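Undergrad: show me the folded form of this:
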Amino acid sequence: GVAEVVRNISERLAQRGHDVHVATTAVDSQSSCADLRGVHVRRFSVKGNIAFGIRGEVEQYRQFVRSGDWDLLVNHCLQTWPTDALFDEIGAYSWPSVLVTHGLSIHNSFFDAYYLGLPRYLSTYRKWIRVSNVSEEAPFTEKFNLPLPPVITNGVDRELFGPGDPC
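TA: Numbers count the residues shown, from 1 in each chain. Predicted coordinates:
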């Protein structure tokens, strides 16, 4: 899923000489900081999303983001704490930001209020992109009269597939 896409993109950028940092959820058995294949990983003990509440090291995560001298910030997915925790301040950053949606849950009634408030946050991102034409972004954009975001490739490692396999 999404973790694999982020891993592939991050490792490839690091191989090309970019300084890549990934913020993710802490796992008890792993250190809060690690360097993996040239990618700097920082783990935070945070859980939740806006719909159900975000708890844990939220302010430490926000401070980590604020303190960086980033060229670009990329959030992957909605309804997740790394994206939702930055909504109120993403427009204040001096670097550009990109939101990559990996599908939406617009038919889940638990997230009705979330999606009603989402259009105001989307405008604070420099770019909004999606990884597939087969997702809920089209009905969402139609409902709120928003432009449909472009599709990018999904970050799957093509070397894992043989000749002729779809990718």
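Undergrad: what packs against the longest helix anywhere in the chain?
TA: Longest helix in the chain by number of residues, with DSSP state H as the criterion: helix 2-15. The contact analysis (3 or more CB pairs under 8 Å, 6 or more residues apart in numbering; DSSP states H and E) places helix 2-15 against strand 20-25, strand 39-44, strand 73-76. (C-beta placed from N, C-alpha, C; glycine too.)
Undergrad: looking at those, which is buried most?
TA: Of all the helices and strands packed on helix 2-15, strand 73-76 has the most neighbours on average by mean count of other CB atoms under 10 Å, namely a mean of 20.
Undergrad: leaving out the residues flanking it, which one is nearest to residue 62?
TA: Leaving out its chain neighbours, the residue that sits closest to residue 62 by CB to CB, 6 or more residues apart in numbering is residue 85, at 6.3 Å.
Undergrad: residue ranges with poor pLDDT in the chain?
TA: 153-167 (pLDDT under 70).
Undergrad: would you map the strands across the protein?
TA: Listed in chain order, the strands of the chain (DSSP state E) span 20-25, 33-36, 39-44, 46-49, 53-56, 73-76, 97-101, 127-130.
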